[in-house]
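1. sharing a model that was predicted from the sequence below.
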Amino acid sequence: MGSPDFRVGGRIFATLAHQDQGYGNLMLTPEAQADFVADRPDLFLPVAGGWGRMGATHVRLGEADEEVLSGALRTAWQIRREK
């Protein structure tokens, strides 16, 4: 769709579709999204609309450190790998 994306088994688990707004996007489950947002609301927020209700989650790239970002990417990768 014109933006860099990251896939496992042909399925997207992360994108840079909103990089111009300072966000990366993770494809999580709604439950995993709720955990990330509750733990770090300064870094994670649901994507607006239906995608967000299904678990699509913004991560503030400029504020996330390597440890948090790599853990979030691993979680998104694992979720997609299991599907």
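-> Nice, I can see it. Residues are numbered from 1 along each chain as shown.
2. what packs against the strand or helix carrying residue 58?
-> Counting by DSSP states H and E, the element that carries residue 58 is strand 56-60. Where contact means 3 or more C-beta pairs under 8 Å, 6 or more residues apart in numbering; DSSP states H and E, strand 56-60 is packed against strand 23-27, helix 30-39, strand 44-46. For every residue, glycine as well, the C-beta is placed using N, CA and C.
3. extract the C-alpha set from it and format it as PDB.
-> What follows is strand 56-60, C-alpha atoms only, in PDB (Å, rounded to 0.1, in the frame of the first residue of the first chain):
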ATOM      1  CA  ALA A  56      -3.900  -2.100  15.200                       C
ATOM      2  CA  THR A  57      -1.700   0.100  17.500                       C
ATOM      3  CA  HIS A  58       0.400   3.200  17.000                       C
ATOM      4  CA  VAL A  59       3.800   3.400  18.700                       C
ATOM      5  CA  ARG A  60       5.400   6.800  19.100                       C
END
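4. burial of the nearest residue to residue 3 once chain neighbours are set aside, as a residue count?
-> Nearest residue to residue 3 in three dimensions, chain neighbours excluded: residue 17, at 4.1 Å (C-beta to C-beta, 6 or more residues apart in numbering). Residues near residue 17, counting by other C-beta atoms under 10 Å, number 19.
5. much appreciated, bye for now.
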